[in-house]
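**Q** Let me see the structure of the following:
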Amino acid sequence: MGRVVVEFMPKPEILDPQGQAVLGALPRLGFTGFTSVRQGKRFELEVDGEVTDQVLASAREAATTLLSNPVIEDVVAVVAGEGAR
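**A** Sure thing, here's the model as predicted:
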């Protein structure tokens, strides 16, 4: 059984309130030096058999048509997920 990992990030022009909340909490918890936080999302798709180029292409198409909101998100990675959790 194979796995494909698809990762998304908000487009740069989109506000990220969750990222801003994390950025505000970091120094209160003693973590300094960070100037920006953006929070994305990740999907792990399990497939029967090996992850081939055709499987990755299909996952990329699913990512752009179903898994993401293309108005506010960019697909940043579609990769074979060896050892993904």
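**Q** Give me the average confidence score over the helix ranked longest in the chain.
**A** Taking DSSP state H as the criterion, the chain has its longest helix at helix 17-28. Averaged over helix 17-28, pLDDT sits at 97.
**Q** mind checking pLDDT for the closest residue to residue 70 other than its chain neighbours?
**A** Distances taken as Cβ to Cβ, 6 or more residues apart in numbering put residue 64 closest to residue 70, at 6.4 Å, once the chain neighbours are dropped. From N, CA and C alone the C-beta is placed, and that goes for glycine too. pLDDT for residue 64: 95.
**Q** Next, count neighbours for residue 64.
**A** Here the count is done by other Cβ atoms under 10 Å, and residue 64 has 15 residues near it.
**Q** Now do the SS call for it.
**A** helix (DSSP: H, G, I helix; E, B strand; the rest coil).
**Q** shouldn't it be in contact with residue 71?
**A** No: using Cβ atoms under 8 Å, residue 64 is not in contact with residue 71, being 11.9 Å away.
**Q** Going by neighbour count, list what's buried in stretch 55-65.
**A** 55-56, 59, 62-63 (16 or more other Cβ atoms under 10 Å).
**Q** quick one: residue 38 and residue 9 touch, right?
**A** Yes: the criterion here is Cβ under 8 Å, and residue 38 meets it with residue 9 at 6.0 Å.
**Q** returning to that earlier point: I'd like a version of the buried residues of stretch 55-65 in a markdown table, one that adds distance to residue 77 as further columns.
**A** Below are the buried residues of stretch 55-65 laid out as a markdown table (distance: Cβ to Cβ, whole Å):
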| residue | distance to residue 77 |
| --- | --- |
| 55 | 15 |
| 56 | 11 |
| 59 | 11 |
| 62 | 14 |
| 63 | 9 |
